[in-house]
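Chemist: below is the sequence, then the predicted model.
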Amino acid sequence: MEGGPDSVCVLGIDLGTTSVKAALVVGTERGQVVAESCSRETQAHTSSVEAGLQGMEQDSWRIIRALNECLAALPQQQLQRVSHIGITGQMHGIVFWKRDQGCKWTEGGTGPIFEPEEVSHLVTWQDGRCSPAFLSSLPLPQSHISLATGFGCATIYWYLKKSPDFLKSYDAAGTIHDYVVAMLCDLKKPLMSVQNAASWGYFNSRNKSWNTDILKKSGFPVHLLPEVGDPGSIAGRTISAWHGIPKGTKVGIALGDFQCSVYSCLTERTDAVLNISTSAQLTISMPSGFQPPETPDPSSAVTYFPYFDGDYLAVAASLNGGNVLATFVNMVARWTEELGFQIQESAIYAKIIKAALDQNDSRLSVHPTLFGERHIPEQLASVTSIAASELSLGHVTRAVCRGLVENLCSMLPVQRLMETGVRRVLGSGSALARNEVLRQEVERIFPFPVVYGKDVDAAVGAAMVMFQRK
Ligand SMILES: Nc1ncnc2c1ncn2[C@@H]1O[C@H](COP(=O)(O)OP(=O)(O)O)[C@@H](O)[C@H]1O
Ligand SMILES: O=C(CO)[C@@H](O)[C@H](O)[C@H](O)[C@H](O)COP(=O)(O)O
């Protein structure tokens, strides 16, 4: 076990789109070390009553169940030593709850746990209910980030206009990680970091405030907007023991997941970070003192997101990452089933990755934007240069992986990385960690050395933030 019995122990949690991850980070003579980690798929996808096929919702109860399973799998002795908890998760999304009935605390196998009570589904960053026409009917935000479907404030507007009764059932809202912080600390008013507030839209990150005047004028329920605080600050203390973690443990304000992935590995300003989990991001840090332009360029694929201490990251945030491979694997599974055979999706991943390792070169070209991109939502996926001799699973998998990396680099070109002085690419995210073909394609496209992290990077980053700000 890493770290002596007296060493400081911090828990990091990442509530991702596909899985929940937890990491126990301890202080040692060698610096901070991941002593234990755990990951559980949430299987939380669920249908949307109000938005139908355009909706992309997750069952909050299942997300919290996966979180409970993850924590129950960590060693009790170490959990009892946790002094701080750092929480991060999927940005942009929104969950609603009733302030006094957000959860109920019960006795679990490893001590008290909480379970959601009067809580809505999570409407995720992948939600497509706000069409371009709907978005352009909304007031113009005073923000440097273009509003897009799946952003919390856009989703609230959608409910306000299409299903106002829904909103009457709730009096609080936040990202799913803000919800967890609010429950752990029994916050009467949810608290949100500027990182997550910026991801909801209608937020001015220069003066760190919501566009309250603009929103009020159009009847927006501003009482649902959380209070905003600085990333790295403490939101409160746990109101109960939790999975063996002592009552009174300090909990950090919830953070953005890509900022935490970056925090877990970025050491030099000359590093770029490539993260591939359900989505994918390519990020560089902007010079200290940088301020984004007042208004966004909606056609730009690069967005500026608040990082820590007033700094910004420039990010190409692609809606097409591991989810494209997951869709491909699911398609193969369904075709196989239609043909009368059964195969586990995990076995398909293993087989297609192995097959693609044998197909190093292929002319097949896959433009993999199955989910569109925020700056060009209408441009979906396409396949070109299809030769009869290059149709094996290996050829297609190789081409999908290559296409994913090429797509990200079309959003933030290698040339721009070189001009800004990038010397190294740091790879993070479990879709990358578990897929050697993707890693080969990353190494092929970048003219820099590529260094990989572990597969729980955002959780580790969330813990490190707490460590360094203790
Ligand atoms: N068995 C597997 N082998 C390789 N890659 C996998 C496997 N299972 C899932 N993946 C990839 O991992 C992605 C999810 O990564 P994860 O880190 O859990 O996402 P998130 O952080 O968004 O919750 C999937 O979209 C898929 O591409
Ligand atoms: O869209 C952006 C940023 O604009 C994403 O990078 C953002 O970090 C979101 O949280 C992700 O899309 C969700 O993260 P993940 O579950 O794919 O790791």
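Modeler: Sure thing, it's come through. Numbers count the residues shown, from 1 in each chain. Ligands and ions are numbered 1, 2, ... in the order given.
Chemist: count of neighbours near Gly322?
Modeler: Close neighbours of Gly322, defined as other Cβ atoms under 10 Å, add up to 23. C-beta: built from backbone N, CA, C; applies to glycine.
Chemist: grab the nearest non-local neighbour of it.
Modeler: Leaving out its chain neighbours, the residue that sits closest to Gly322 by Cβ to Cβ, 6 or more residues apart in numbering is Ala431, at 3.1 Å.
Chemist: quick one: contacts for the one you found?
Modeler: When contacts are counted by Cβ atoms under 8 Å, 6 or more residues apart in numbering, Ala431 is found next to Ile276, Ser277, Thr278, Ala280, Gly321, Gly322, Leu325, Leu438.
Chemist: per-residue confidence for Gly111?
Modeler: Reading off the confidence values, Gly111 has pLDDT 89.
Chemist: that one pairs with what?
Modeler: Under the criterion DSSP bridges, Gly111 forms beta bridges with Gly108.
Chemist: ok, now how distant is it from Leu225?
Modeler: Using Cβ to Cβ, to the nearest Å, we find Gly111 at a distance of 34 Å from Leu225.
Chemist: show me the contact partners of stretch 194-204.
Modeler: 91-92, 94, 125, 141-143, 145, 147-148, 151-154, 174-175, 177-178, 205, 208-211, 214-215, 226, 228-231, 254-256, 259, 305-307.
Chemist: list only buried entries from the residues you listed.
Modeler: 91-92, 94, 125, 141-143, 145, 147-148, 151-154, 174-175, 177-178, 205, 208, 210-211, 214-215, 226, 228-229, 231, 254-256, 259, 305-307 (16 or more other Cβ atoms under 10 Å).
Chemist: please flag which of these sit within helices.
Modeler: Of the buried ones among the contacts of stretch 194-204, the ones assigned to helices by DSSP state H are Gly152, Cys153, Ala154, His177, Asp178, Ile214, Leu215, Gln259.
Chemist: nearest to ligand 2 among those residues?
Modeler: Gln259 (7.8 Å; Cβ to the nearest ligand atom).
Chemist: tell me the pLDDT of whichever residue of the stretch 51-200 of the chain sits closest to ligand 1.
Modeler: At 6.6 Å from ligand 1, Gln90 is the closest residue in the stretch 51-200 of the chain, using Cβ to the nearest ligand atom. We have a pLDDT of 98 for Gln90.
Chemist: Val8 too?
Modeler: Reported pLDDT for Val8: 82.
Chemist: which residue sits closest to it in space, ignoring its chain neighbours?
Modeler: Val8 sits nearest to Gly27 (Cβ to Cβ, 6+ apart), 4.5 Å away.
Chemist: for the strand or helix carrying that neighbour, name the packing helices and strands.
Modeler: Gly27 is located in strand 19-28, with elements delineated by DSSP states H and E. The contact analysis (3 or more Cβ pairs under 8 Å, 6 or more residues apart in numbering; DSSP states H and E) places strand 19-28 against strand 9-15, strand 31-41, helix 60-72, helix 76-79, helix 457-468.
Chemist: hmm, try it at 6 Å
Modeler: The helices and strands touching strand 19-28, judged by 3 or more Cβ pairs under 6 Å, 6 or more residues apart in numbering; DSSP states H and E, are strand 9-15, strand 31-41, helix 60-72, helix 457-468.
Chemist: so for the third one, mean pLDDT?
Modeler: Per-residue confidence for helix 60-72 averages out to 98 on the pLDDT scale.
Chemist: who's in contact with that helix?
Modeler: 20, 22, 38, 40, 42, 44, 95, 110, 113, 116, 119, 122, 176, 243 (Cβ atoms under 6 Å, 6 or more residues apart in numbering).
Chemist: now the angle between strand 19-28 and that helix, please.
Modeler: Using axes from the mean of the first three to the mean of the last three Cα atoms, to 10 degrees, the direction of helix 60-72 lies 30 degrees away from that of strand 19-28.
Chemist: then the last one?
Modeler: In terms of direction (the same axes, to 10 degrees), helix 457-468 departs from strand 19-28 by 40 degrees.
Chemist: ok so, going back, from Gln126, how far out is the residue of the stretch 51-200 of the chain closest to ligand 1?
Modeler: Distance from Gln90 to Gln126, by Cβ to Cβ: 9 Å.
Chemist: again with Glu443
Modeler: Glu443 is 28 Å from Gln126, by Cβ to Cβ.
Chemist: more neighbours: these two, which one.
Modeler: Neighbour comparison, Glu443 and Gln126: the larger count goes to Gln126, with 21 against 14 (by other Cβ under 10 Å).
Chemist: show me the contacts for the more buried one.
Modeler: With Cβ under 6 Å, 6+ apart, Gln126 has these contacts: Met56.
Chemist: mind listing the strands for the stretch 351-470 of the chain?
Modeler: Using DSSP state E, counting those that start in this stretch, the strands of the stretch 351-470 of the chain run over 365-367, 382-384, 424-428, 450-452.
Chemist: got the phi and psi for Ala280?
Modeler: Backbone torsions of Ala280, given as degrees, to the nearest 10, read phi -150, psi 140.
Chemist: quick check: pLDDT value at Gly289.
Modeler: For Gly289, the pLDDT comes out at 96.
Chemist: any idea how far the most centrally placed residue in the chain lies from Phe96?
Modeler: For the chain, the residue lying nearest the average C-alpha position, counting by Cα atoms, centre = their mean, turns out to be Gln90 (3.0 Å). Distance, Gln90 to Phe96, by Cβ to Cβ: 16 Å.
Chemist: contacting residues for the residue in the stretch 301-450 of the chain positioned nearest to ligand 2?
Modeler: At 3.5 Å from ligand 2, Ala317 is the closest residue in the stretch 301-450 of the chain, using Cβ to the nearest ligand atom. Ala317 is in contact with Gln281, counting by Cβ under 6 Å, 6+ apart.
Chemist: the contacts of Ala431 also near ligand 1: which ones?
Modeler: Near ligand 1, judged by Cβ under 6 Å from any ligand atom, the entries from the contacts of Ala431 are Ser277, Thr278, Gly322, Leu325.
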